[in-house]
Structure formats: C-alpha cells, structure tokens
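> Got a sequence here, can you model it:
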Amino acid sequence: MLATGDYPTHQIRQPDPSQAETTTPRVLTIISSVLEKLVARNDRLVEVLSEQLDGLNCNASSARLGKSLHAFHGVRAPNISIPKYLERIYKYTNCSPSCFVVGYVYIDRLAHKHPDSLVVSLNVHRLLVTSVMVASKILDDAHYNNAFYARVGGVSNAELNRLELELLFLLDFGVTVSSRVFESYCFHLEKEMLINGVRQKVERGISPVAIDDMTEISVEDTQSCSPPQALD
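Residues are numbered from 1 along each chain as shown. Here you go, the predicted model:
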C-alpha cells in the first residue's frame, strides 16, 4: 500500500500537453461543490446520530450508516480533497468529462436505492474512483484498465476490482443512463451552482447512442484487502 505523499507520479504516463485541457472542466468543479456540501451535511448527521446512540448505549457503527456502502469505507478520511481527487482522476486517465456526470448519477442512484447508507468522508473517494471508472467503460471508446485506475485512485488493484463488483450489484447492474436522464442531471448540477450564485454550464460532450445502448463490462471477483490511504 502507498502512504500519503508516496505516490510514484513518475511511473504514470503524464498527459500530452498538446492534448490536455489547459483548465479543469467545469463539471469537475460543479460536482466537487455539490459532493462537498453533501458530505459535510452527512458527516454532521453521523456525528449527531453517533452521540445520540452512544447516549443510549447502542452499537452506533452499524446503525448510523447502514451496511450497504460498508465496502467503500476507509479507516479514516483521506487527506486529499474531493476537488483535487477528481482533478487527479481526470488528469491521469483522460476520461471524458461526461464520465463524471454519469459517475455522479451512479452515486445518486446508490443513495436512493440504499437510503440507510450515507455518502460521507470515509467512503466518497472510493465511490468516486469506482463510479468514474465504470462510467468510462460505458462511455469512452478507449479507457484505462482497473489496475491503472487503482494506481491513480490510491487503492490496490484487488480492492478496486472488488469495489467495482460491489457497485454493480448495489446498482443491480443498472449502469446505463439515457440521454434524457443525463441531461436532467446536468440541469440539476447547474441549478445547484446557481443557488450558490454561480452560473456554470456542464459540458455536454456525450453521444446519445453510446449512452443509451446496453454495454457489457467484465469484472473480476477478487479477495478484499485492507483499505489504503488516499494520496495527495
């Protein structure tokens, strides 16, 4: 496992300056803002519930969060922020900006299908790297494999394989997103920013055919491993 700050950036192929974005895609900033607010709210809720359950001498660890997203939980919140983590994924994997919207759709679907399990600082990073990776397999003609995403995300290949399988089963393998749903989430994200007084538009670079058609992805069932620390 790699500790914080020990990431071997020289071993990852750097983006081609002639092809790389000169600025961070707006969608990363928008999703980061929305998720940071969600995580901050849920962390406060967990803290309050924990205090109440401790007062009742209850087992707070399972009751306050549910068990559905337990596989994505780390032992501590990573040091890297959500915006920096998303920028890292985009920088090294060069996946299309639409993958982040679809990844957000997956996380939102999880929240609705498993309302007893909250997206918090302990699980949001693993949820993000897994969701974006699966989305890239659905949307992008060319994408990196699990091993590369694991290195970028700061987890082991075995763990990411396991998380991918966990995500697919939690979603009942519902990984297709229609163009109508995609557009509705873009409007939702833009509205969230507008509420904060910021007018930003989500990049719409997506093919309706590629997103509407059913696409099969292969996953590997591997043994779990201890959660590593996320990286700067």
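> so what secondary structure elements neighbour the helix or strand harbouring residue 125?
Here residue 125, judged by DSSP states H and E, is contained in helix 124-139. Secondary-structure packing of helix 124-139 (3 or more CB pairs under 8 Å, 6 or more residues apart in numbering; DSSP states H and E): helix 26-55, helix 82-93, helix 98-113, helix 146-153, helix 157-170, helix 208-212. Heads up, the C-betas are built off the backbone N, CA and C, glycines and all.
> can you list those helices in CSV and add mean pLDDT, distance to residue 71 and mean neighbour count?
Shown next, in CSV, are these (pLDDT from 0 to 100; distance: least, CB to CB, whole Å; neighbours: other CB atoms under 10 Å):
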stretch, mean pLDDT, distance to residue 71, mean neighbour count
helix 26-55, 88, 17, 16
helix 82-93, 96, 18, 20
helix 98-113, 96, 12, 21
helix 146-153, 96, 15, 21
helix 157-170, 97, 5, 20
helix 208-212, 37, 27, 14
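> Distance to residue 191 added to those, as TSV?
Shown next, in TSV, are the helices and strands packed on helix 124-139 (distance: least, CB to CB, whole Å):
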stretch	distance to residue 191
helix 26-55	10
helix 82-93	20
helix 98-113	14
helix 146-153	29
helix 157-170	26
helix 208-212	21
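> got a pLDDT number for residue 195?
Predicted confidence (pLDDT) at residue 195: the value is 67.
> what's the answer for the one 5 residues further on, then?
With respect to pLDDT, residue 200 has a value of 72.
> my guess is it meets residue 28, correct?
No: counting by CB atoms under 8 Å, residue 200 stays clear of residue 28, with 10.8 Å between them.
> Just the angle for the helix holding residue 125 relative to helix 82-93, thanks.
40 degrees (axes from the mean of the first three to the mean of the last three CA atoms, to 10 degrees).
> quick check: angle from helix 124-139 to helix 98-113?
120 degrees.
> buried sites along helix 124-139?
Residues 124-139 are the ones in helix 124-139 that count as buried (16 or more other CB atoms under 10 Å).
> CA atoms of it as PDB?
Provided in PDB are the C-alpha atoms of helix 124-139 (Å, rounded to 0.1, in the frame of the first residue of the first chain):
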ATOM      1  CA  VAL A 124     -16.800   9.300  -1.000                       C
ATOM      2  CA  HIS A 125     -13.300   8.900  -2.600                       C
ATOM      3  CA  ARG A 126     -13.700   5.100  -3.200                       C
ATOM      4  CA  LEU A 127     -17.200   5.700  -4.600                       C
ATOM      5  CA  LEU A 128     -15.900   8.300  -7.000                       C
ATOM      6  CA  VAL A 129     -13.000   6.400  -8.500                       C
ATOM      7  CA  THR A 130     -15.100   3.300  -8.800                       C
ATOM      8  CA  SER A 131     -18.100   5.100 -10.400                       C
ATOM      9  CA  VAL A 132     -16.000   7.200 -12.800                       C
ATOM     10  CA  MET A 133     -14.100   4.000 -13.900                       C
ATOM     11  CA  VAL A 134     -17.300   2.100 -14.600                       C
ATOM     12  CA  ALA A 135     -18.700   5.200 -16.400                       C
ATOM     13  CA  SER A 136     -15.600   5.400 -18.600                       C
ATOM     14  CA  LYS A 137     -16.100   1.800 -19.700                       C
ATOM     15  CA  ILE A 138     -19.600   2.700 -20.700                       C
ATOM     16  CA  LEU A 139     -18.900   6.000 -22.500                       C
END
